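Asker: Coordinates for the following, if possible.
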Amino acid sequence: MHINAPEPALRARRLGRAHYFPEVTDAEWNDWRWQFRQRITTLEALARHLEIPPEEWQDRAESLRDFRMGITPYYLSLIDKDDPNDPIMRQVVPLAEENLFRAIGEEDPLGEEQFSPVPGITHRYPDRVLMVVSNNCAIYCRYCTRKRTMYEGATPDVELDRMVDYIARTPAVRDVVVSGGDPLNYSNAKLEQILSKLRAIPHLEIIRIGSRVPVALPQRIDDELCAMLAKYHPVWVNVHFNHPRELTPEAALACDRLSRAGIPLNNQAVLLKGVNDSAATIKSLCQGLMRMRIRPYYLYQCDPVRGAEHFRTTIAKGLEIMEGLRGHTSGLAIPTYVVDAPGGGGKVPVAPQYLLHYEREKGRAVLRNFQGNLYEYFEPSQGTDELHPVPPPSGGRLRSSADPKAAAKKPAKRRISGKIGSAPVDENGSINAAANGASNGSDASGEVEPVVGKSRWVHRGPSTRSSVAAQTTNGNGHAKP
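Answerer: Take a look at the predicted model:
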């Protein structure tokens, strides 16, 4: 439920530690255990910091019967208390919509339990497994796909040992994602106990840890934790930033410590209505992550979990956002947009369509770029060893190899509608490259002017690949000195 509020850019935001916790000392604030103990877990405690409309109190209380709440003082301090639609607040505060949609969605939308050979293990992919080692988090995201498992109490050691044992007796598993809940909520000693057992398994190559702690409780990422994690390399950490305002100096320091310990960081964001469902927001997030040396890894479609319908966008919105990234920022800053298929189908990449036409037999493709322009691409000839020499330039003008008589017999061209319509395409999908701005330089007479900056070098050497190889190698496949 969106409420009209003054544009945040036109007013000073009321947020930060000074607004919410002015009496707290630096020693307390920077102590991750203090942060964890002081989490906001009830509506009564939340109401001391944020206004809750009286007419929504009952709906929000009903939501907490289904799914617990936990908000660290640090994460609460990121909320703009004057904005009823604040994107940070929406992620962790139960709203009336959550109760409205409590019967819509699935308890286990990804079918994790049907792929669980032992409790806590999901083995969906051939060579990797998910290991859920914890059932609590520093904060509880209202869209969490594992709402069903987030309850009080630690995972018993006997269950953890059964998970490790399954991995040890399954040689196909080379990669494990240690997740929860949040594994980094454990003490260093408890977490090391798990990691040491995993690292002792000979066929296990990669350990990945999924955590929102760098976002919600960055004080937890201290030197002692990083030094312990570094003992069990190769270790990767998948973090979970959803909005640019989560990229705080504290979060940047936490991630820098992990990076300096040799731990690569990947970000897994979730596309959420009212939080980050615009190209500008996702672009700002991804560029900020890059500055923090975090690779934007996945952008997930929000799972159809029970009570989270108000967070879900259309796939069309996700594709629109991806269109707004490609060509407008570095390729390194573009995550893979995925839909985790319901019922255990796994992650399915979804991307805007840039390959418009492809003829495998002819080795020909029609491609669209980020500006909507069309380009024709030809694959290398198959089944032939012949290289066809290009005629040398003559007087600075290159003759077209097209037969004027044959050209006169070509079918009439048609145009594609919309922006792409600037590129004429014939009935076979052929592009008029000159009209498309991707011309090879041919004019109506079949001649071209040399393109500025183009080399005039043309191949005049041997006519076959084998003869080229004979001249450039010494007979045993190695290049000549």
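Asker: show me the contacts for V164.
Answerer: V164 makes contacts with I194, K197, L198, I201, as judged by Cβ atoms under 8 Å, 6 or more residues apart in numbering. Placement of C-beta: from N, CA and C, glycine included.
Asker: for C226, phi and psi?
Answerer: Dihedral pair for C226: phi -60, psi -40, per degrees, to the nearest 10.
Asker: measure it to W32 for me?
Answerer: Here the criterion is Cβ to Cβ, to the nearest Å. By it, C226 lies 13 Å from W32.
Asker: circling back to that earlier point, could you turn the buried ones of the contacts of V164 into a ChimeraX selection?
Answerer: In ChimeraX, this line selects whichever of these come out buried by 16 or more other Cβ atoms under 10 Å:
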select :194,197,198,201
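Asker: Tabulate the contacts of V164 (a markdown table), appending secondary structure, distance to V93 and pLDDT.
Answerer: What follows is the contacts of V164, written out as a markdown table (DSSP: H, G, I helix; E, B strand; the rest coil; distance: Cβ to Cβ, whole Å; pLDDT from 0 to 100):
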| residue | secondary structure | distance to V93 | pLDDT |
| --- | --- | --- | --- |
| I194 | helix | 32 | 97 |
| K197 | helix | 38 | 98 |
| L198 | helix | 36 | 98 |
| I201 | coil | 41 | 98 |
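Asker: Of the contacts of V164, which is the nearest to H233?
Answerer: Proximity of those to H233 (Cβ to Cβ) peaks at L198, which lies at 12.2 Å.
Asker: how about G180, what does it touch?
Answerer: Contacts of G180 by Cβ under 8 Å, 6+ apart are V132, V133, S134, N135, N136, C137, R146, G210.
Asker: If we use 6 Å, what do you get?
Answerer: Residues counted as contacts of G180 (Cβ atoms under 6 Å, 6 or more residues apart in numbering) are V132, V133, S134.
Asker: repeat for G16
Answerer: Counted by Cβ under 6 Å, 6+ apart, G16 has contacts S77.
Asker: ok, now how distant is it from C137?
Answerer: On the measure of Cβ to Cβ, G16 and C137 end up 23 Å apart.
Asker: How about I294?
Answerer: Taken as Cβ to Cβ, the span from I294 to C137 is 20 Å.
Asker: same deal with P117?
Answerer: Per Cβ to Cβ, P117 is found 25 Å from C137.
Asker: more neighbours, those two?
Answerer: Just comparing P117 and C137: by other Cβ atoms under 10 Å the higher neighbour count belongs to C137, 24 against 12.
Asker: that older thread, any chance of the contacts of V164 in TSV, with distance to I71 too?
Answerer: Output for those, formatted as TSV (distance: Cβ to Cβ, whole Å):
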residue	distance to I71
I194	26
K197	33
L198	31
I201	37
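Asker: Tell me which stretches of the stretch 51-200 of the chain form helices.
Answerer: Ranges of helices in the stretch 51-200 of the chain, per DSSP state H, counting those that start in this stretch, are 57-66, 73-76, 87-92, 96-100, 157-168, 188-199.
Asker: Same question for the stretch 201-350 of the chain.
Answerer: Under DSSP H, counting those that start in this stretch, the stretch 201-350 of the chain gives helices at 213-216, 223-230, 249-260, 279-291, 315-323.
Asker: most neighbours per residue, which of those helices?
Answerer: Of all those, helix 213-216 carries the top mean neighbour count, a mean of 27, counting by mean count of other Cβ atoms under 10 Å.
Asker: Please parse the protein into its domains.
Answerer: 1-352, 355-472 (automatic domain parsing).
Asker: Deepest-packed of the ones you listed, please.
Answerer: Scoring those by mean neighbour count under mean count of other Cβ under 10 Å gives domain 1-352 as the most buried, with a mean of 18.
Asker: now that domain, how far from the chain's geometric center?
Answerer: Distance of domain 1-352 from its chain centroid, counting by Cα atoms, centre = their mean, to the nearest Å, is 13 Å.
Asker: Show me where the stretch 251-400 of the chain dips below the pLDDT cut-off.
Answerer: Filtered on pLDDT under 70, the stretch 251-400 of the chain yields the residue ranges 382-400.
Asker: sorry, back to before: can I get the helices of the stretch 51-200 of the chain in a markdown table including distance to H328?
Answerer: Listed next are the helices of the stretch 51-200 of the chain as a markdown table, based on distance: least, Cβ to Cβ, whole Å:
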| stretch | distance to H328 |
| --- | --- |
| helix 57-66 | 38 |
| helix 73-76 | 30 |
| helix 87-92 | 21 |
| helix 96-100 | 32 |
| helix 157-168 | 42 |
| helix 188-199 | 40 |
